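after the sequence you'll find the predicted model.
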Amino acid sequence: MLRTVLSRRSGAAVSLALSLAACQAADLAKPIATFADATTAVSSALHDLDTAATETYAQRLAERARSDLSLAVTMDKDDCRFKSARCRIVLISTASPAEPPQPYPPDPVLGDMLVVMDEVHAYAQNLAAVVADDSATQAQASAAAAVASAQTLANTVAALDKKGTITVPDFATPVGPAVSWLVGAYANEVKLRALRSATAKADPVIQRAALLFGDAAFLGTDIQRTDLSAAARKKIDDFSHDRGNDAKLADAVAAARAYDDLLTAKPVDTFKKMGEAHAALTKALNDPDLSLSSAIAAIESFAQQAQQLSAVAKALAALNAKPPEASP
């Protein structure tokens, strides 16, 4: 009799725990999907920024190759041979021998950062898949994929920041088979524990990646900064000399807005917020006394910043797509 009562109580406790897990798993769906969507927006924005910056840089190099007679247009000494690994034109300054050769066309301006952000994006997508999966088996597979992508990111970050490697432990099945008779509830328990495990293992890597973006300072945007600043000043001057021209006023406003958007986007802040969002999510998942509210607020702040960066990148891409104005 006592054994039966204890068995019923144990079963009730398991059912209650799994019911709570189901509620928590449902609560996590939106913030984690929002985090993943924000990484998608940022990854896309970086590719747009890189395309715009690299194309502008290529134009600058081409202009210099045509006009600067002190610039030798040649190739690296080991390039373009029968068994060479590469064959590229390089621009070498004969006037300033210390200036490094410039490949033409240039390498992607944000090349390393693109790789890092794409790997963060892959991790976030796997994290979102944990919540969306229909079964415990799928959730475990997605969690294992998230941890594996975090290790890939860790290897990339270590190669770039040279601060030592990070080993991300392999994912282990977080829940034993004892409660597998409650399939749906068990899946939610697996999801919850899988998310706790994956985020805890990945957070040190995400924080190092976020710092790496800050250190990079997005020098690629300096090219756009120079061009947009010059364009804004020119359009404003054009209107100041022709006050009655509505079209020139509209051009001045548009040019000023394009530059203002770039200045206020603050790309580095986006990645700082990404790190804060992931840290808050990890903390909320792994501390049962904390609510998700602070994590949700941090994730939404990151998502808002990501959308702003995405809008600026798209505007710059559209600006680059326009044909250059004819010379008067």
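Looks like it arrived, so ask away. Residues are numbered from 1 along each chain as shown.

got any ranges where the stretch 101-250 of the chain has weak pLDDT?
Within the stretch 101-250 of the chain, the stretches with pLDDT under 70 are 172-186, 215-224.

I'd say Asp76 and Arg86 touch.
Yes - counting by C-beta atoms under 8 Å, a contact exists between Asp76 and Arg86, whose distance comes to 7.4 Å. All C-beta spots, glycine's among them, are computed from the backbone N, C-alpha and C.

how about the helices in this protein?
Using DSSP state H, the helices of the chain run over 2-67, 111-132, 136-161, 183-216, 220-240, 246-265, 267-286, 293-321.

contacting residues around stretch 154-168?
Contacting residues not belonging to stretch 154-168 are listed as 112, 115-116, 119, 147, 150-151, 201-202, 204-205, 208-209, 211-212, 215 [C-beta atoms under 8 Å, 6 or more residues apart in numbering].

and these, which two are the farthest apart?
With C-beta to C-beta as the measure, no two of those lie farther apart than Val147 and Asp215, at 25.5 Å.

so the two - more neighbours on which side?
More crowded of Val147 and Asp215, by other C-beta atoms under 10 Å: Val147, with 22 against 9.

pretty sure that one contacts Leu153?
No - with contact taken as C-beta under 8 Å, Val147 and Leu153 are classed as non-touching, separated by 10.6 Å.

between the two, which contacts overlap?
Taking C-beta under 8 Å, 6+ apart as the contact criterion, the common neighbours of Val147 and Leu153 are Ala202.

excluding its backbone neighbours, what's nearest Lys30?
The shortest distance from Lys30 to any non-neighbouring residue, by C-beta to C-beta, 6 or more residues apart in numbering, is to Ile296 (7.9 Å).

circling back to that earlier point, so which of Asp76 and Arg86 has more stuff around it?
Taking other C-beta under 10 Å, Asp76 and Arg86 do not tie; Asp76 has more neighbours (15 against 11).

dump the residue contacts of the residue positioned nearest the centre of the chain.
Among the residues of the chain, the smallest C-alpha distance to the mean C-alpha position (C-alpha atoms, centre = their mean) belongs to Met117, namely 3.7 Å. Each residue near Met117 by C-beta under 8 Å, 6+ apart is listed here: Thr39, Val42, Ser43, Leu46, Phe213.

6 Å instead?
Met117 makes contact with Ser43, Leu46, according to C-beta atoms under 6 Å, 6 or more residues apart in numbering.

circling back: quick one: which of the helices of the chain is nearest Pro169?
helix 183-216 (6.0 Å).

next one: the closest one to chain centre, how far?
Using C-alpha atoms, centre = their mean, to the nearest Å, the distance from the centre of helix 183-216 to the centre of the chain it belongs to is 15 Å.

which of the residues in it are buried?
Applying a neighbour-count criterion of 16 or more other C-beta atoms under 10 Å, one finds 185-199, 201-213, 216 buried in helix 183-216.

before we move on, what about stretch 66-77?
Burial within stretch 66-77, assessed by neighbour count using 16+ other C-beta under 10 Å, is assigned to Leu71, Met75.

what do you get for stretch 253-261?
Along stretch 253-261, the positions that meet the burial threshold by neighbour count (16+ other C-beta under 10 Å) are Ala255, Ala256, Ala258, Tyr259, Asp261.

make JSON lines out of the residues you listed and add distance to Arg233.
Formatted as JSON lines, the entries for the buried residues of stretch 253-261 read as follows, by distance: C-beta to C-beta, whole Å:
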{"residue": "Ala255", "distance to Arg233": "9"}
{"residue": "Ala256", "distance to Arg233": "9"}
{"residue": "Ala258", "distance to Arg233": "12"}
{"residue": "Tyr259", "distance to Arg233": "9"}
{"residue": "Asp261", "distance to Arg233": "16"}
